[in-house]
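Enquirer: Show me how the following folds:
(4 chains)
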4 protein chains.
Amino acid sequence: MFNNVITPRFLETDALGHINNTVLPTWFEAARDPIFRFFTPDMDVKNWKLMLATFTVNFHAETHYGVDVEIKTYISRIGNSSFDVYQECWQSGHKTASGTTTMVHYCHKEKSSQPLTESILEQMKQHLLQS
Amino acid sequence: MFNNVITPRFLETDALGHINNTVLPTWFEAARDPIFRFFTPDMDVKNWKLMLATFTVNFHAETHYGVDVEIKTYISRIGNSSFDVYQECWQSGHKTASGTTTMVHYCHKEKSSQPLTESILEQMKQHLLQS
Amino acid sequence: MFNNVITPRFLETDALGHINNTVLPTWFEAARDPIFRFFTPDMDVKNWKLMLATFTVNFHAETHYGVDVEIKTYISRIGNSSFDVYQECWQSGHKTASGTTTMVHYCHKEKSSQPLTESILEQMKQHLLQS
Amino acid sequence: MFNNVITPRFLETDALGHINNTVLPTWFEAARDPIFRFFTPDMDVKNWKLMLATFTVNFHAETHYGVDVEIKTYISRIGNSSFDVYQECWQSGHKTASGTTTMVHYCHKEKSSQPLTESILEQMKQHLLQS
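Expert: Here you go, the predicted structure:
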């Protein structure tokens, strides 16, 4: 599991007084940084090897400004060229949101998916969600 | 069905050269404006009556800067107090993304869900997805 | 002068109930699209020829969700390789914000500024702010 | 001076491959959190006492994804009811952007500016920019 602490920004609130729903995918993307490093260790954006296929976010409670959140990130499925990332957002002891993102190992030049390599699989297995 | 034309913004691209995945939920939220009006006709944010429970976005193709997109918005499920909105993003004749959002008729003061009223149901039925 | 109509998005509000200040630079960037076309007519992001040097935004009144805004965009200064864009945001008959952005004609490959060409100057002069 | 470390997000890049200009105001707002606490120590958004009058951002170099930035925040002017915040964004030993924001001590209910109190002034003086 990866742990990311994120400080909610005032601009991420909306007129209802708490964090807007569209912010969660941005926090979850930010918290996938260590997974991006499996594929592009130097984080060079010209050498990006991932494509996002789908994501789902479930909202369990309001998330507020003024208190840090913790994003927990797990690998929840490993396929041939694709995999799932399961993430939870926690604040003040409550799980406020959770979500799953399906990503594909992808060559942006050849426009084709690529099998996950041994070295990537090994790193993923250290962060598998225990069911 | 509701039709919304949105002009992609340069800042909505990312280093891969096309629209970032986290932008789609923001366009879909923008395109739900006419549905927000079912609940709060004068769009007064102090009188908001909706809560978002979950959303899923599927990515079918890259979305690009420089060409307008059209967001098609349908009601795809009507429950007792909740309902689903199905949306598609089209650009240059291609469906580039689609998604479903579950919303709840909700009283933010009483913190409780509310049944959908007759007048809301009537408006929803005019925008039902034909399966 | 260029006129752009933008529909404020619910997510662009903040907990104060109106549009967050950091949103104005994003609307102003969006409304500079016709100026981007002076430099890159096909809007190909791989052939971008502009760099932003500085921007200032002044806030005159609250901007609200639920009512479209109109962004007015003028060329307010023409230099050798740089120029200024002056913009105003209007809503319900009030100027709610204004700002000036200094941009530079720039070659991202050679990392150097370029003089404004005759054809660009001609287009700019049609949108000059009358003082 | 306040120091804030911010991790650039992939979605904050644009098609030019580095951080989009409109992101800087959002980082600078985030880094003003400790100043917000001078006015609203419990960060309760219903008890907000600040209004933004104007901001300027100057861009000195590209800011990149993959390396943390440090935002340095100073009080650079103290007026009767308003004050200026000067901020710099540093990455890998380079100042990539700087900016000044003018804020006003403001009562959102009475819609009027308020003099800065002794206790606020005292806190501000500990973070004054030395010229």
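
Enquirer: helices and strands around the helix or strand where residue A:105 lies, which ones?
Expert: Using DSSP states H and E, residue A:105 maps to strand A:94-107. Contacts defined by 3 or more CB pairs under 8 Å, 6 or more residues apart in numbering or on different chains; DSSP states H and E place strand A:94-107 against helix A:23-31, strand A:50-59, strand A:82-91, strand A:112-113. Yep, even glycine has a C-beta here, placed from its N, CA and C like the rest.

Enquirer: what's the angle from it to strand B:50-59?
Expert: 20 degrees (axes from the mean of the first three to the mean of the last three CA atoms, to 10 degrees).

Enquirer: quick check: mean pLDDT across strand A:94-107?
Expert: What strand A:94-107 shows for mean pLDDT is 97.

Enquirer: hmm, who's touching that strand?
Expert: A:24-25, A:28, A:32, A:35, A:39, A:49-63, A:69, A:76, A:81-90, A:112-116, A:120 (CB atoms under 8 Å, 6 or more residues apart in numbering or on different chains).

Enquirer: Other residues contacting the helix or strand that contains residue A:119?
Expert: Here residue A:119 sits within helix A:118-125, counting by DSSP H and E. Helix A:118-125 has contacts (CB under 8 Å, 6+ apart) with A:38, A:39, A:75, A:78, A:83, A:105, A:116.

Enquirer: Next up, the contacts around the fifth one.
Expert: Spelled out, it's residue A:83. Counting by CB under 8 Å, 6+ apart, residue A:83 makes contact with A:75, A:77, A:102, A:103, A:105, A:116, A:124.

Enquirer: Number of residues surrounding the fifth one?
Expert: Counted with other CB atoms under 10 Å in any protein chain shown, the burial measure for residue A:105 works out to 20 neighbours.

Enquirer: One more: residue A:71?
Expert: 20.

Enquirer: What does the pLDDT read for the closest residue to it other than its chain neighbours?
Expert: Nearest residue to residue A:71, sequence neighbours excluded (CB to CB, 6 or more residues apart in numbering or on different chains): residue A:31, at 3.9 Å. Reading off the confidence values, residue A:31 has pLDDT 98.

Enquirer: Quick one: residues contacting residue A:31.
Expert: Residues in contact with residue A:31 (CB under 8 Å, 6+ apart) are A:2, A:4, A:6, A:71, A:73, A:87.

Enquirer: count of neighbours near residue A:14?
Expert: Counted with other CB under 10 Å, residue A:14 comes out at 25.

Enquirer: so what's it up against?
Expert: Residue A:14 neighbours (CB under 8 Å, 6+ apart): A:20, C:10, C:11, C:13, C:14, C:15.

Enquirer: Check the burial of the last one by counting its neighbours.
Expert: So the one you mean is residue C:15. Neighbours of residue C:15 (other CB under 10 Å): 23.

Enquirer: Surely it forms part of a strand?
Expert: No: using DSSP: H, G, I helix; E, B strand; the rest coil, the assignment for residue C:15 is coil, not a strand.

Enquirer: Does it touch residue D:47 like I think?
Expert: No: applying CB atoms under 8 Å, one finds residue C:15 not in contact with residue D:47, separated by 10.5 Å.

Enquirer: and among the helices and strands packed on strand A:94-107, the most buried is which?
Expert: helix A:23-31 (a mean of 24; mean count of other CB atoms under 10 Å in any protein chain shown).

Enquirer: related to what we said a few turns ago, tell me the strands beside the strand holding residue A:105, with direction?
Expert: Applying DSSP bridges, strand A:94-107 is found paired with strand A:50-59 (antiparallel), strand A:82-91 (antiparallel), strand A:112-113 (antiparallel).

Enquirer: Near residue A:80, how many other residues are there?
Expert: Residue A:80 - counted by other CB under 10 Å - has 11 other residues nearby.

Enquirer: does it belong to a helix or a strand, and which?
Expert: Using DSSP H and E, residue A:80 is not contained in any helix or strand.

Enquirer: contacting residues around it?
Expert: A:115, A:116.

Enquirer: tell me the phi and psi of it?
Expert: phi -80, psi -60 (degrees, to the nearest 10).

Enquirer: Put the alpha carbons of the strand holding residue A:105 into CSV.
Expert: Extracted as CSV, the C-alpha positions of strand A:94-107 are listed here (Å, rounded to 0.1, in the frame of the first residue of the first chain):
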residue,chain,number,x,y,z
HIS,A,94,-13.5,8.4,8.2
LYS,A,95,-13.3,6.9,4.7
THR,A,96,-14.8,9.7,2.7
ALA,A,97,-14.3,8.3,-0.8
SER,A,98,-13.0,5.2,-2.6
GLY,A,99,-12.4,4.3,-6.2
THR,A,100,-10.9,2.0,-8.8
THR,A,101,-9.0,3.0,-11.9
THR,A,102,-8.1,0.6,-14.7
MET,A,103,-4.8,1.4,-16.4
VAL,A,104,-3.1,-0.1,-19.4
HIS,A,105,0.6,-0.5,-20.1
TYR,A,106,0.6,1.4,-23.4
CYS,A,107,3.1,2.5,-26.1
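
Enquirer: In it, which residues are buried?
Expert: Neighbour-count burial for strand A:94-107, counted by 16 or more other CB atoms under 10 Å in any protein chain shown, picks out A:96, A:97, A:98, A:99, A:100, A:101, A:102, A:103, A:104, A:105, A:106.

Enquirer: Helix A:118-125 and that one, what's the angle between them?
Expert: 170 degrees.

Enquirer: which among the contacts of residue A:31 gets closest to residue C:131?
Expert: Nearest to residue C:131 out of the contacts of residue A:31 is residue A:6 (CB to CB; 46.0 Å).

Enquirer: Was I right to think that closest one contacts residue A:71?
Expert: Yes: here residue A:6 reaches residue A:71: they are 6.1 Å apart, a contact under CB under 8 Å.

Enquirer: so can I have JSON lines of the helices and strands packed on strand A:94-107 showing distance to residue C:131?
Expert: Output for the helices and strands packed on strand A:94-107, formatted as JSON lines (distance: least, CB to CB, whole Å):
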{"stretch": "helix A:23-31", "distance to residue C:131": "41"}
{"stretch": "strand A:50-59", "distance to residue C:131": "48"}
{"stretch": "strand A:82-91", "distance to residue C:131": "51"}
{"stretch": "strand A:112-113", "distance to residue C:131": "56"}
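
Enquirer: In terms of pLDDT, where does the residue located most distally from the centre of chain A sit?
Expert: Ranked by distance from the centre of chain A (CA atoms, centre = their mean), the top residue is residue A:15, with 26.1 Å. Residue A:15 carries a pLDDT value of 96.

Enquirer: can you list residues touching both of residue A:6 and residue A:71?
Expert: A:27, A:30, A:31.

Enquirer: returning to that earlier point: mind checking how far the residue nearest to residue A:71 is from residue C:122?
Expert: Computed as CB to CB, to the nearest Å, the residue A:31 to residue C:122 distance reads 49 Å.

Enquirer: same question, residue A:62
Expert: Taken as CB to CB, the span from residue A:62 to residue C:122 is 54 Å.

Enquirer: Repeat that for residue A:7.
Expert: Residue A:7 is 48 Å from residue C:122, by CB to CB.

Enquirer: and the two? which has more neighbours close in?
Expert: Between residue A:7 and residue C:122, counting by other CB under 10 Å, residue A:7 is the more crowded of the two (15 against 10).

Enquirer: Quick check: pLDDT value at the residue nearest to that one when sequence neighbours are not counted.
Expert: Leaving out its chain neighbours, the residue that sits closest to residue A:7 by CB to CB, 6+ apart is residue A:68, at 5.3 Å. Looking at residue A:68, its pLDDT is 98.
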